[in-house]
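**Q** turn this into a structure:
(one chain, ligands or ions: 1)
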Amino acid sequence: MVRLNEVRPGELVIDLPARTDAELYFIGRIHTPWTDRLACPRQGRPDGPTCRIELFAPWDRGLDSIAEFERLEVLYWLHESRRDLVMQAPKSDGNGRGVFSLRTPARPNPIGTSIVQLVEVEGSSLLVRGLDCLDGTPLIDVKPDRTLFKPLAPAQAGDFQVGDKS
Ligand code: SAM
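**A** This is a model prediction of the structure:
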């Protein structure tokens, strides 16, 4: 759902609070082929175009050892998104849905995430496939894909299981 200022039937706009809490560091910039939100894929694909994630100094020092991982999780700030739509209507049928049931870019904190394939580390940049964001999107974080890690502790009796009602 890509819109600029339209509010559809079934949607709810809220008044945003005046103050914010966290101070994020934009640690880099993402370079992609897309300059128009309508042209961006809805989700990145592993066979999508190679994009460049540029890390700014001094955070580029943190790229040490990253080449050990074939897949990375990238977090970015969807800087052109509106932040005040708590009910959204992805289709034009007037049926609103809560923002937290959607992967819409319009969120209170417009953080996007993608699992990307690492193609190459090139100086202070990562060449990756699997992104879906606009050229110039600010970078928040990069970490190894969590599925590459084994759980730290074996499951134990009494642990919560997906599907538990309690
Ligand atoms: N993969 C991420 C996720 O699931 O968290 C983002 C998914 S979101 C549906 C992707 C869409 O966000 C793109 O198709 C584009 O319309 C929009 N978008 C991409 N970059 C953006 C940016 N910097 N600011 C605002 N919207 C953006």
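**Q** show the backbone phi and psi for Ile66.
**A** As for Ile66, its main-chain torsions (degrees, to the nearest 10) stand at phi -70, psi -20.
**Q** let's verify the residue lying closest to it once chain neighbours are set aside: helix, strand, or coil?
**A** Among residues not flanking Ile66 along the chain, Val121 sits closest, at 6.2 Å (C-beta to C-beta, 6 or more residues apart in numbering). C-beta: built from backbone N, CA, C; applies to glycine. Secondary structure assignment for Val121 (DSSP: H, G, I helix; E, B strand; the rest coil): strand.
**Q** got the phi and psi for the residue nearest to the spatial centre of the chain?
**A** Taking C-alpha atoms, centre = their mean, the centroid of the chain lies closest to Gly112, which sits 1.6 Å from it. Backbone torsions for Gly112, taken as degrees, to the nearest 10, come to phi -110, psi 150.
**Q** residues touching Val7, list them.
**A** Val13, Leu85 (C-beta atoms under 8 Å, 6 or more residues apart in numbering).
**Q** checking my notes, it in a helix, right?
**A** No: Val7 is assigned coil when assessed by three-state DSSP, not a helix.
**Q** who does the worst-scoring helix or strand of the chain on mean pLDDT pair up with?
**A** One helix or strand of the chain scores below all others by mean pLDDT, DSSP states H and E: strand 12-13, with a mean of 94. Next to strand 12-13 in the sheet, as set by DSSP bridges, lie strand 85-88 (antiparallel).
**Q** and for Pro58, the neighbour number?
**A** 8 (other C-beta atoms under 10 Å).
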